[in-house]
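Sharing a model prediction with you, sequence too.
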Amino acid sequence: QEPLVESGGGLVQAGGSLRLSCSASKSTVSTYAMGWFRQAPGKEREFVAVINWSGSNTLYGDSVKGRFTISRDNAENAVFLQMNNLRSEDTAVYYCARSPFSSPLQRTEPAYDLWGQGTQVTVSS
């Protein structure tokens with residue numbers, strides 16, 4: 001299977017927006033739930049959001065609820081994370097991950113079997 005590849009990270013001022021993308025081959029993501037996690041320096045990896053295969057169901061971490069939106073385009077084999085109203089505490093490496101579990105959607109790392117290399121998001125205050 002091909003790897004997951006994240007893109008779209010960068011430096012943004014507090015209050016700004018970024019859109020992350022995660023791409024892979026169709027065989028890699030077909031029928032899977034796709035999620036985003038993040039890891040800040042010195043902290044454990046944190047669940048951000050997950051979306052099921054059809055896009056009909058999503059789940060968010062409490063710290064990003066109302067500010068971040070996860071979506072996917074199955075025709076393009078891509079998953080997106082729209083991040084609005086960014087805060088300095090959102091600074092982290094963001095990882096895309098694949099999960100075979102959708103009912104219910106999963107928040108914990110062991111439920112994900114394939115991970116990308118990550119993309120850095122830095123929010124300046």
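Right, received. Where do you want to start? Residues are numbered from 1 along each chain as shown.

Can you find the helix or strand of the protein with the lowest average pLDDT?
helix 26-29 (a mean of 84; mean pLDDT, DSSP states H and E).

and it, which residues are buried?
By neighbour count on 16 or more other CB atoms under 10 Å, the buried set for helix 26-29 is residue 29. In this view, the C-beta of every residue, glycine as well, is placed from N, C-alpha and C.

C-terminal to that helix, what's the next element?
strand 33-39 (DSSP states H and E).

Contacts for the next helix or strand along the chain from that following strand, please.
With elements assigned by DSSP H and E, the helix or strand that comes after strand 33-39 is strand 46-51. Around strand 46-51, the neighbours that count as contacts under CB atoms under 8 Å, 6 or more residues apart in numbering are 33-40, 57-61, 63-64, 68-72, 79, 81, 92, 94, 99, 105-108.

Residue 118 contacts residue 45, doesn't it?
No - using CB atoms under 8 Å as the test, residue 118 is too far from residue 45 to be in contact (9.8 Å).

Is the residue nearest to residue 15 when sequence neighbours are not counted within a helix or a strand, and which one?
The shortest distance from residue 15 to any non-neighbouring residue, by CB to CB, 6 or more residues apart in numbering, is to residue 85 (6.1 Å). Using DSSP H and E, residue 85 maps to neither a helix nor a strand.

Any idea how many residues pack against residue 85?
By other CB atoms under 10 Å, 13 other residues sit near residue 85.

now it: how far from residue 114?
30 Å (CB to CB, to the nearest Å).

Quick check, central residue of the chain?
residue 36 (2.2 Å; CA atoms, centre = their mean).

For that one, list the residues it contacts.
20, 22, 48, 49, 50, 70, 79, 81, 94, 95, 96, 97.

what number of residues lie near the nearest residue to it once chain neighbours are set aside?
Leaving aside its sequence neighbours, residue 36 sits nearest to residue 48 (CB to CB, 6+ apart; 4.2 Å). If you count neighbours by other CB under 10 Å, residue 48 ends up with 25.

Equivalent analysis for residue 18, please.
Around residue 18 there are 21 other residues, counting by other CB under 10 Å.

what does residue 19 give?
Neighbour tally, residue 19, other CB under 10 Å: 13.
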